[in-house]
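**Student:** build me a structure from this.
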Amino acid sequence: MDTWLVVGLGNPGPEYAGNRHNVGAMTVEELAGRDATGGRASFKAHKARARVAEVRLKLAGPKVVLAVPSTYMNVSGAPVAGLLKYYDVPAERLVVIHDELDIDAGVVRLKKGGGEGGHNGLRSISQSIGTKDYLRVRLGIGRPPGRQDPADFVLKDFSKAERADVLPFLLDDGADAVEALIEVGLLDAQQRFHAPR
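**Tutor:** Numbering: from 1, shown residues only. Down below sits the predicted model:
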């Protein structure tokens, strides 16, 4: 079976753990709880400067390497390139989960390739692996209110209301989207997640 690499972007350390910018890393944690081989998969430090857990999301499905870089988001590329090489995974089977300001809060969108939209984590990955043609699970966090700087907004924790009403569904849908990408491919997964709900 062909191995997949699923990377959740975020910044390391407890002070960033609840930030909007870390929603990709949170989704990878959600996926770790879905290991079909039983129980919750545990993450281990990897020499590529990432925490990794190997899972199967379906019992007969392919091996999926879940990863969260241990570096800051804007230098995520080197760990991702190292993991692709270590696990011998081509860019077509790389899925990057990240926060997206230009999508309404709570909405999930899927795409392959394209621009980075000012997202430094994606820019670092594209530069380090030499291509933009990898799969992205884009988790909508919406635009900051008023005149708040987007850079400050993404580094703030989700509000209490968002943690109750938006975040659990966003993480669940994000994890479902990763499973769909692996199981049915991009076009079918897009039809499922881009349809009006």
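
**Student:** can you give me the buried ones in stretch 30-50?
**Tutor:** With burial defined by 16 or more other Cβ atoms under 10 Å, the residues of stretch 30-50 counted as buried are Glu30, Leu31, Ala32, Arg34, Asp35, Ala41, Phe43, His46, Ala48, Arg49, Ala50. C-beta: built from backbone N, CA, C; applies to glycine.

**Student:** wait, Leu101 touches Asp152, no?
**Tutor:** No - the criterion here is Cβ atoms under 8 Å, and Leu101 misses it with Asp152 at 12.0 Å.

**Student:** quick one: which of those two has more around it?
**Tutor:** Taking other Cβ atoms under 10 Å, Leu101 and Asp152 do not tie; Leu101 has more neighbours (18 against 9).

**Student:** OK, contacts around the more buried one?
**Tutor:** Leu101 sits next to Gly117, Ile141, Gly142, Arg143, Pro144, Pro150, Phe153, Val154 when contact means Cβ atoms under 8 Å, 6 or more residues apart in numbering.

**Student:** what do you get for Glu30?
**Tutor:** Counted by Cβ under 8 Å, 6+ apart, Glu30 has contacts Leu171, Asp172, Gly174, Ala175.

**Student:** out of those residues, flag the one nearest to Tyr134.
**Tutor:** Checking these against Tyr134 with Cβ to Cβ, the nearest one is Gly174 at 16.2 Å.

**Student:** one step back: and the two most separated of the buried residues of stretch 30-50?
**Tutor:** Going by Cβ to Cβ, the pair spanning the buried residues of stretch 30-50 furthest: Arg34 and Arg49, at 24.9 Å.

**Student:** rounded mean pLDDT for the host helix or strand of Ser124, please.
**Tutor:** With elements taken from DSSP states H and E, the one containing Ser124 is helix 120-129. Per-residue pLDDT over helix 120-129 has a mean of 96.

**Student:** what about burial for the contacts of Glu30, which qualify?
**Tutor:** With neighbours counted by 16+ other Cβ under 10 Å, the contacts of Glu30 contain buried members at Leu171, Gly174, Ala175.

**Student:** the closest residue to Asp133 other than its chain neighbours and Val6: what is the separation?
**Tutor:** Nearest in space to Asp133, with sequence neighbours left out and distances taken as Cβ to Cβ, 6 or more residues apart in numbering, is Gly113 at 4.4 Å. Noted for Gly113: a distance of 17 Å to Val6, by Cβ to Cβ, to the nearest Å.

**Student:** ok, and what's touching whatever helix or strand comes next after the helix holding Ser124?
**Tutor:** Proceeding N to C from helix 120-129, the next assigned helix or strand is strand 135-140, under DSSP H and E. Residues outside strand 135-140 that contact it (Cβ under 8 Å, 6+ apart) are 23-24, 27, 92, 94-100, 103-112, 114, 122, 170, 174, 177-178, 181, 186.

**Student:** any weak-confidence spans in this protein?
**Tutor:** Along the chain, segments meeting pLDDT under 70 span 1, 197.

**Student:** quick one: the strands in it?
**Tutor:** 4-8, 44-46, 50-56, 63-69, 94-100, 108-112, 135-140 (DSSP state E).
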